[in-house]
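In: Provide a 3D model corresponding to the input given below.
(2 chains)
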Amino acid sequence: MRGFTTQWRWLSWVLMGIIGVSALIIGATGDTGPATAGERRSELAATIRCPQCRGQSVQESDVAIAVEIRADISNRIAAGETDDQIRQVYIDRYGRSIVLTPDSGGFTGLVWIVPVVAAGLATAAVALAFQRWRAQADALAEASDEDRKLVAELRRDRS
Amino acid sequence: MKNRSAIAAGLVAAVVAVFIVLLATSDTQQTGAVNFEILGEVAPPIQGPTINAGDYSLQDQRGNWVVVNFFASWCVACRVEHPELVELSERHPDGDVQIVGVMFADTEERAREFFDELGGDWPALVEETGSIAIDYGVTAVPETVLVSPSGRVVQKWLGANGVTADEIDSVIDRLEAGG
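Out: The predicted structure follows:
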């Protein structure tokens, strides 16, 4: 019975892992992208910093240059430019800081890597802690001969 | 047990240190980005109909200094700056220093009223000027760039008070002297 329970426990963990990894893969690759040019413009505009504002994208801001950049993005989409080409135009005009998403390479790439490594380490630490607590609980679950002898003596004394 | 705690604390400290270094060394140019990416570059094309029903092309101005002024009638600093450009225009009647206005987020009618009120007879582009402003990395008006006779952007001015005729002449004199 105990072996059967252990097997089920492992199976449930494996299933959970498969579901989690599948969800991540679908989430990362299953995006079919924006349906319309307007949606594409909105998504792109949300990744471009408003050059005149503090902490706002050109999608959120209504200052003149943000309005102009939104119109420019629409024109470039209509002209058939790709998202990367459009972003590059603004990087060339305004510098790398115009893009709100950090670089994936170089030292700044640590921004992406460190949280993943930290989450992995934390998960491993929690798993280790659970394993140790279970081992301690298992060790306590079985009464030793000394325990039985002690209980028997106590009962004898009471009676 | 103590060793393990010390290692864990060390790891956390290392991660925090990495983030602090990242924050301290990252680009902090978050706002009001004074953008000078264009300096030294070939001036992007400026072409199109003007306020005076003419046609303008920056390409045709090779051999002259060209002052490109991005303006709007609703911009107070542009109104403050405009008399300086009129002064510059009067100082160079022979045309060795040309001025071209590029309307920014405004209407043709208001731009015309702006010139009628404040003077100035240089060409001003009023159609589809947003893309020109973006090509020049404009963040807000007024912004002014100086294009050399060879067609490169050599100076950019921006700020609440705009540019003065003396500043423009001084830069041109310095560059002509080989500075």
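
In: quick check: longest helix of chain B.
Out: When chain B is scanned for its longest helix (criterion: DSSP state H), the result is helix B:2-25.

In: and the next helix or strand after that helix, which residues are buried?
Out: Sequence order places strand B:47-49 as the next helix or strand after helix B:2-25, per DSSP states H and E. Buried residues in strand B:47-49, defined by neighbour count with 16 or more other C-beta atoms under 10 Å in any protein chain shown: residue B:48. No exception for glycine: its C-beta is placed from N, CA and C like everyone else's.

In: next one: stretch A:90-98
Out: Applying 16+ other C-beta under 10 Å to stretch A:90-98 flags A:90, A:93, A:94, A:95, A:97, A:98 as buried.

In: can you narrow these to ones near chain B?
Out: A:90, A:93, A:94, A:95, A:97, A:98 (C-beta under 8 Å from any C-beta of the partner chain).

In: so which of those are in helices?
Out: A:90, A:93, A:94.

In: give me the contacts around the strand or helix carrying residue A:88.
Out: Using DSSP H and E, residue A:88 sits within helix A:83-94. Applying C-beta atoms under 8 Å, 6 or more residues apart in numbering or on different chains, the contact partners of helix A:83-94 are A:40, A:44, A:47-48, A:51, A:69, A:73, A:76-77, A:81, A:98-99, B:33, B:35, B:37-38, B:134-137, B:139.

In: which of these count as buried?
Out: Of the contacts of helix A:83-94, these count as buried by 16+ other C-beta under 10 Å: A:40, A:44, A:47-48, A:51, A:69, A:73, A:76-77, A:98-99, B:33, B:35, B:37-38, B:134-137, B:139.

In: that older thread, tell me which two of the buried residues of stretch A:90-98 sit farthest apart.
Out: A:93 and A:97 (11.8 Å; C-beta to C-beta).

In: next SSE after the host helix or strand of residue A:117?
Out: Using DSSP H and E, residue A:117 falls within helix A:110-141. Later in the chain than helix A:110-141, the nearest helix or strand by DSSP H and E is helix A:145-158.

In: pairing partners for the residue sitting nearest the centre point of chain B in the sheet, please.
Out: Residue closest to the average C-alpha location in chain B (C-alpha atoms, centre = their mean): residue B:143, at 3.9 Å. Counting by DSSP bridges, residue B:143 forms beta bridges with residue B:70, residue B:158.

In: can you tell me which residues contact it?
Out: B:69, B:70, B:136, B:156, B:157, B:158.

In: how close does the residue nearest to the spatial centre of chain A sit to residue B:164?
Out: For chain A, the residue whose C-alpha lies nearest the mean C-alpha position (C-alpha atoms, centre = their mean) is residue A:116; its distance is 7.5 Å. Residue A:116 sits 54 Å away from residue B:164, going by C-beta to C-beta, to the nearest Å.

In: now swap in residue B:126 and tell me
Out: Separation of residue B:126 from residue B:164 (C-beta to C-beta): 25 Å.

In: how about residue A:38, phi and psi?
Out: Here is the backbone geometry of residue A:38 (degrees, to the nearest 10): phi -60, psi -40.

In: hmm, back to that, more neighbours: which of residue B:126 and residue B:164?
Out: The residue with more neighbours, out of residue B:126 and residue B:164, is residue B:126; 20 against 16, by other C-beta atoms under 10 Å in any protein chain shown.

In: was I right about the more buried one contacting residue B:110?
Out: No: with contact defined as C-beta atoms under 8 Å, residue B:126 does not count as touching residue B:110 (9.7 Å).

In: no further questions, thank you.
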